[in-house]
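1. this one's sequence-less:
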């Protein structure tokens, strides 16, 4: 990178970013278990309730527990949460094993995505990553069979649609959520990574072809290949506006693998998500001191630097994304580098009806196309109101 660009980029991001003591402790625990790193942060006025609340929000409780336990510094309240997390991981493992065996018997190929698979891939120990459900990817044509298999195992779909609406949902949506007994959101069955209106269409068949095998407690599973994993993690983080430190920790950890950065950058450019990749890696560099790949060191990084700085600045606020707000959609548009993707994003968002529209007005099948107008009217009422 040219010297002038380096100076401009560093001045934009600010390499000496400092946080409050509670968030600084979380960040350090994600990077180190060294006593010399941790002890200066364990101040007498440290608010442990705030530490625990932030660890839960950012989904870095395992990193916090591991770092403090390694120095015999683990408070009892955090130890109790760690035990609950460990039991939940066992529960997820049992359920994923049941699902995998059922799918195998029915000949349904699937990819274990995020959750246990990503924890095993990145940290070797599934308990070292915090997550709340089991994510599965299937090809769109296999969704009906996969739904049937899950229901056979006792899972209840959170959404039941008539045939015509289901066909449209498979085209415009990206996931079904299933519950089991008291747990309403235990499994997410996905056939795309993000909804269609996001205008990011990853090749699902390609994800399967490039997938790799991992082993979880003796159970062989297919999961995303490392290079695809990087793109998908960045897209997922962008969908949530990079509001969780745990997401960036995952990206930082994966960035240390032997990745084909030339392919990653080329594919990101083809998909129109190069800016999302840049923002993610710039934020990771600022937080975790991870070097940027040479293929990303260009003047175009400057355009993503301001957004990356905002990401880093907002992290300690424990902010949740309001995915129904106008501000959320504006911020999503800012992360896209191509005009055609921004236009397509707005058009699809405005004109693609979904469950809310189908539940608002009951129209006969012959008037089904009118749901597009219902969608536009609902959005205008929301945003103008």
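-> Received the coordinates, thanks. Model, not experiment: these values are computed from the prediction. Numbers count the residues shown, from 1 in each chain.
2. switch to C-alpha atoms for all contacts and neighbour counts from now on
-> OK.
3. quick one, what contacts residue 85?
-> 127, 130 (Cα atoms under 8 Å, 6 or more residues apart in numbering).
4. Please tell me how far the residue positioned nearest the centre of the chain sits from residue 171.
-> The chain has residue 236 as the residue nearest its centroid, 3.4 Å off, counting by Cα atoms, centre = their mean. Separation of residue 236 from residue 171 (Cα to Cα, to the nearest Å): 19 Å.
5. just to revisit the earlier point, for residue 242, see how far away the residue nearest to the centre of the chain is.
-> With Cα to Cα as the criterion, residue 236 and residue 242 are 8 Å apart.
6. Excluding sequence neighbours, find me the nearest residue to residue 92.
-> Leaving aside its sequence neighbours, residue 92 sits nearest to residue 134 (Cα to Cα, 6 or more residues apart in numbering; 6.9 Å).
7. Which pLDDT value goes with that neighbour?
-> We have a pLDDT of 96 for residue 134.
8. does it really touch residue 186, like I thought?
-> Yes - counting by Cα atoms under 8 Å, residue 186 is a contact partner of residue 134 at 6.1 Å.
9. Look at these two and report which has more neighbours.
-> Neighbour totals were compared for residue 134 and residue 186, and residue 134 leads with 22 against 19 (other Cα atoms under 10 Å).
10. got the contact list for stretch 67-83?
-> With Cα under 8 Å, 6+ apart as the test, stretch 67-83 has contacts from 29-30, 32-35, 52, 61-62, 65.
11. can you list the domain ranges for the chain.
-> Following automatic domain parsing, one gets these domains for the chain: 104-224, 225-322.
12. can you tell me which of the ones you listed comes nearest to residue 93?
-> Among the domains of the chain, domain 104-224 comes nearest to residue 93, with 7.4 Å by Cα to Cα.
13. For the stretch 151-300 of the chain, give me the ranges with low pLDDT.
-> 297-299 (pLDDT under 70).
14. all helices for it, in order.
-> 163-172, 204-209, 226-239, 245-254, 261-271, 274-288 (DSSP state H, counting those that start in this stretch).
15. highest average neighbour count across the ones you listed?
-> helix 274-288 (a mean of 24; mean count of other Cα atoms under 10 Å).
16. Check the offset of the helix or strand following it from the chain's centre.
-> Next along the chain after helix 274-288, taking DSSP states H and E as the criterion, comes helix 301-314. Distance of helix 301-314 from its chain centroid, counting by Cα atoms, centre = their mean, to the nearest Å, is 18 Å.
17. Report all helices and strands that helix 301-314 contacts.
-> Under the contact criterion of 3 or more Cα pairs under 8 Å, 6 or more residues apart in numbering; DSSP states H and E, helix 301-314 touches helix 3-13, helix 274-288.
18. got the angle between the longest one and helix 301-314?
-> Meaning helix 274-288. 50 degrees (axes from the mean of the first three to the mean of the last three Cα atoms, to 10 degrees).
19. Can you list the neighbours in contact with helix 274-288?
-> Outside helix 274-288, the residues that reach it (Cα under 8 Å, 6+ apart) are 13, 15, 27, 31, 231, 234-235, 237-238, 242, 248-249, 251-252, 265, 268, 290-292, 296, 301, 304-305, 307-309, 311-312, 335-337.
20. how close does the residue nearest to residue 92 sit to residue 321?
-> Per Cα to Cα, residue 134 is found 21 Å from residue 321.
21. Residue 144 too?
-> 31 Å.
22. ditto for residue 23
-> Counting by Cα to Cα, the gap from residue 23 to residue 321 is 19 Å.
23. More neighbours: which of those two?
-> Ranked by neighbour count (other Cα under 10 Å), residue 23 and residue 321 place residue 23 first, with 21 against 14.
24. what's the spacing between the lengthiest strand in the chain and its chain's center?
-> Longest among the strand segments of the chain by residue count, using DSSP state E, is strand 183-190. From the chain centre to the centre of strand 183-190 is a distance of 15 Å (Cα atoms, centre = their mean).
25. The chain should start at 43 in everything you say after this.
-> Sure thing, new numbering starts at 43, so read that last one as strand 225-232.
26. And the contacts of it?
-> Applying Cα under 8 Å, 6+ apart, the external contacts of strand 225-232 come out as 174-180, 185, 200, 216-222.
27. quick one: that strand to helix 205-214, angle?
-> Using the same axes, to 10 degrees: strand 225-232 against helix 205-214 is 70 degrees.
28. Now strand 225-232: buried residues?
-> If you call a residue buried by 16 or more other Cα atoms under 10 Å, then strand 225-232 has these buried ones: 227-232.
29. Would you state the strands of the stretch 43-192 of the chain in chain order?
-> Remark: strands assigned in the stretch 43-192 of the chain by DSSP state E, counting those that start in this stretch are 153-155, 176-179.
30. and the last one, what does it pack onto?
-> The helices and strands touching strand 176-179, judged by 3+ Cα pairs under 8 Å, 6+ apart, are strand 153-155, helix 157-165, strand 225-232.
31. Adding distance to residue 259, write those out as TSV.
-> Shown next, in TSV, are the helices and strands packed on strand 176-179 (distance: least, Cα to Cα, whole Å):
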stretch	distance to residue 259
strand 153-155	14
helix 157-165	10
strand 225-232	19
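32. looking at these, which is closest to residue 137?
-> Of all the helices and strands packed on strand 176-179, strand 225-232 comes closest under Cα to Cα, at 9.2 Å.
33. so how far is residue 241 from residue 381?
-> On the measure of Cα to Cα, residue 381 and residue 241 end up 11 Å apart.
34. neighbour-wise, which of these two wins?
-> Neighbour count, other Cα under 10 Å: between residue 381 and residue 241, residue 241 has more, with 21 against 11.
35. Neighbours of the nearest residue to residue 390 once chain neighbours are set aside, how many?
-> Residue nearest to residue 390 in three dimensions, not counting chain neighbours: residue 239, with 4.8 Å by Cα to Cα, 6+ apart. Neighbour count of residue 239, defined by other Cα under 10 Å: 20.
36. Next up, the contacts around the spatially closest residue to residue 281 that is not a sequence neighbour.
-> Counting by Cα to Cα, 6+ apart, residue 374 is the residue found nearest to residue 281 once chain neighbours are left out, at 7.5 Å. Counting by Cα under 8 Å, 6+ apart, residue 374 makes contact with 280-281, 283.
37. That's all I had, so thanks and see you.
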